[in-house]
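Undergrad: no sequence for this one, just the structure:
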């Protein structure tokens, strides 16, 4: 019974770590109240499009809707690593996008449960094949790595300017422990102090990661590694409704795709970039996580085909 | 004698129209004195990498170095359409690039001979297979089209924000007469009044051109047409020394590549975009036209291979 063997295998294919949170977003198209967001949520939702064994490590307050966690569970995410702090409040972020949708102002950041977040991995979480560290304090990210009992095939991490500003040494230490850093162009420039993304990627590789992905929003994404570069386009969209979570969705799609394989390769990573980009292109079509919960694997397949056509070359 | 037939055929493969000028450029890397520039110069130089019969229509003053025109002639450009106004001065542009190299301030624009430029096509220039209209007044561009005695296979044109600001009706009239508009993202947005480049391209197609190329600088270029989209990356460069002329070089490479064929197609246009991008990536490596005069067809072939590797997909 091969199927049952796959379903019951002890080790996890993909472990994701990241915030599960409330967001309030304002874009030129409208304004939300408090809706569900957070890197861990977007990463996990994106990863559910791949039939692998997955788990999430995060923390929420007593105010977080339990049905949202159950939705993740129903979609195949093991949420036993999500701590619920009944007497505390969930992380809250509020932001307003400018007209070009490429920049935003943070209006409110309430760390709440994230302030003293101590990630605790259930024993069944300690041997993942792939690990995706969503944007969190580099100290928290490192604590997750330190609890692993077997070295994963690939550890990916995201981060942001904020940590470069206030915890740069801790950040560098954590970056030194991962295989692939997934960040945006602005962050890559700040981290490396280089304007050229090609030189920035080299400098980041010298910090430890063998691979670097630089996300350029509407301009696509660059994958650097093994002395090669792959440039994946972004799908030209008629409308970007809400960019929140697009980067996390990309990362979840990228690692979700790879987690299907016992061995990764640069060629597989190229495909993973396309899958991540395709999922991100859905994410921005509606507020928050809404679009990701509406689409199915067939929609994803069609969108991936659109990407292939965009760069197809005879 | 097939070869001699090809060499002696009466009609021109590619006719280019554009300024031959002096530029003075300042970038974070340095500052030039008056050096040779102009859209017509960059377009022509880029087109010389393709073995077709070419001509240039332009105008210079008595101060322009005749050896520069002879260099173009030696490279196979018929310069009998370049008027020399002995008692006037050559068009002069001076600009300063900002640190990000994506934006610049114009410091000086002296139209000089361009002010009353009346393009006159020698009779051997009136039946080109392909026509590239470099950035000039839309009235001048139209005068060129009106002198043709046979409809070209493909008319391409470039333009800029300046003409949208002061001669928008004339511009729209000329755009309505061409097959392909080649402009940058900022110009596409201003012309269409749309932020989404996908919608912008549709609106521009409704103005007449069946094809639209939107150049995005370091982010590559988009080709729209026949209901399809092709997204060509830009090569991630370690250093952009001087972006002046990159867009014209792209256009010259694009049309130069196509001018080798009796029939164009969307597939050939994709390759043409890659050749244009490859030539533009050389252009920015040194000031002005210098790099374009140093490289040979082997350098171009290697650079094109780098582009293919960048988007290659198994």
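TA: All right, it came through fine. Fair warning: this is a prediction, and the values are worked out from it, not measured in the lab. Numbering: from 1, shown residues only, chains lettered A, B, ... in the order given.

Undergrad: Could you check how far the closest residue to residue A:232 other than its chain neighbours is from residue A:194?
TA: Of all residues not flanking residue A:232 in the chain, residue A:273 sits nearest, at 4.5 Å (C-beta to C-beta, 6 or more residues apart in numbering or on different chains). Any C-beta I mention is one placed from the backbone N, CA and C, and that applies to glycine too. Using C-beta to C-beta, to the nearest Å, residue A:273 is found at 22 Å from residue A:194.

Undergrad: quick one: which of these two has more around it?
TA: residue A:273 (25 against 17; other C-beta atoms under 10 Å in any protein chain shown).

Undergrad: State whether that one is indeed within a strand.
TA: No - judged by DSSP: H, G, I helix; E, B strand; the rest coil, residue A:273 forms no part of a strand; its state is helix.

Undergrad: How many residues are close by the closest residue to chain B within the stretch 51-200 of chain A?
TA: Nearest residue of the stretch 51-200 of chain A to chain B, counting by C-beta to the nearest C-beta: residue A:198, 4.1 Å away. Using other C-beta under 10 Å, residue A:198 has 16 other residues around it.

Undergrad: quick revisit: wait, doesn't the residue nearest to residue A:232 sit right on residue A:213?
TA: Yes - Residue A:273 lies in contact with residue A:213 (C-beta atoms under 8 Å); the separation is 6.9 Å.

Undergrad: Could you name every residue contacting both of these two?
TA: Common neighbours of residue A:273 and residue A:213, using C-beta atoms under 8 Å, 6 or more residues apart in numbering or on different chains, are A:221, A:223, A:254.

Undergrad: bridging residues for the first one?
TA: Here residue A:221 sits in beta bridges with residue A:215, residue A:232, going by DSSP bridges.

Undergrad: didn't it look like it was pressed against residue A:232?
TA: Yes - between residue A:221 and residue A:232 there is a contact under C-beta under 8 Å: 5.0 Å.

Undergrad: Which one of the two is surrounded by more residues?
TA: Between residue A:221 and residue A:232, counted using other C-beta under 10 Å, the more crowded position is residue A:232 (28 against 25).

Undergrad: Run through the strands of the stretch 101-250 of chain A in chain order.
TA: Secondary structure of the stretch 101-250 of chain A (DSSP state E, counting those that start in this stretch): strands at A:104-110, A:130-133, A:154-157, A:180-184, A:211-215, A:221-225, A:228-232.

Undergrad: what sits up against stretch A:78-91?
TA: With contacts defined as C-beta under 8 Å, 6+ apart, stretch A:78-91 is touched by A:12, A:15, A:19-22, A:38, A:53-64, A:69, A:72-73, A:110-114, A:119-122, A:124-125.

Undergrad: how many other residues sit next to residue A:238?
TA: A count of nearby residues for residue A:238, using other C-beta under 10 Å, gives 11.

Undergrad: what do you get for residue A:261?
TA: Neighbours around residue A:261, by other C-beta under 10 Å: 16.

Undergrad: residues from the stretch 151-300 of chain A in reach of chain B?
TA: A:195-199, A:201, A:216, A:219-220, A:222, A:228-231, A:233-234, A:236-240, A:267, A:270 (C-beta under 8 Å from any C-beta of the partner chain).

Undergrad: Let's have the strands of the stretch 101-250 of chain A in a markdown table, adding distance to residue A:146 and mean pLDDT.
TA: Below are those laid out as a markdown table (distance: least, C-beta to C-beta, whole Å; pLDDT from 0 to 100):
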| stretch | distance to residue A:146 | mean pLDDT |
| --- | --- | --- |
| strand A:104-110 | 27 | 92 |
| strand A:130-133 | 12 | 98 |
| strand A:154-157 | 12 | 98 |
| strand A:180-184 | 18 | 97 |
| strand A:211-215 | 22 | 98 |
| strand A:221-225 | 25 | 98 |
| strand A:228-232 | 31 | 96 |
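
Undergrad: Show me which of the ones you listed has the highest average neighbour count.
TA: Most buried of those by mean neighbour count (mean count of other C-beta atoms under 10 Å in any protein chain shown) is strand A:130-133; its value is a mean of 29.

Undergrad: From the chain's centroid, how far away is that one?
TA: Centroid separation for strand A:130-133 versus its chain: 9 Å, with C-alpha atoms, centre = their mean, to the nearest Å.

Undergrad: who does it touch, helix- and strand-wise?
TA: strand A:14-17, helix A:138-146, strand A:154-157, helix A:246-258 (3 or more C-beta pairs under 8 Å, 6 or more residues apart in numbering or on different chains; DSSP states H and E).

Undergrad: Can you name every helix or strand that the longest one contacts?
TA: Judged by 3+ C-beta pairs under 8 Å, 6+ apart, helix A:246-258 is in contact with strand A:14-17, helix A:39-47, strand A:130-133, strand A:154-157, strand A:180-184, strand A:211-215, helix A:266-283.

Undergrad: With the first one instead?
TA: Helices and strands touching strand A:14-17, by 3+ C-beta pairs under 8 Å, 6+ apart, are helix A:39-47, strand A:54-61, strand A:130-133, helix A:138-146, helix A:246-258.

Undergrad: re the thing from before, please give me every residue in contact with the residue nearest to residue A:232.
TA: A:213, A:221, A:223, A:230, A:232, A:254.

Undergrad: 6 Å instead?
TA: Counting by C-beta atoms under 6 Å, 6 or more residues apart in numbering or on different chains, residue A:273 makes contact with A:221, A:223, A:232.

Undergrad: what's the pLDDT at the residue nearest to residue A:134 when sequence neighbours are not counted?
TA: Distances taken as C-beta to C-beta, 6+ apart place residue A:18 nearest to residue A:134, at 2.5 Å, with adjacent residues excluded. Per-residue confidence (pLDDT) for residue A:18: 98.

Undergrad: give me the number of residues near residue A:18?
TA: Residue A:18, neighbours per other C-beta under 10 Å, totals 26.

Undergrad: was I right about it contacting residue A:39?
TA: Yes - counting by C-beta atoms under 6 Å, residue A:18 touches residue A:39, with 3.6 Å between them.

Undergrad: Give me the common contacts of the two.
TA: residue A:134.

Undergrad: Any stretches of the stretch 101-250 of chain A with poor pLDDT?
TA: Along the stretch 101-250 of chain A, no part satisfies pLDDT under 70.
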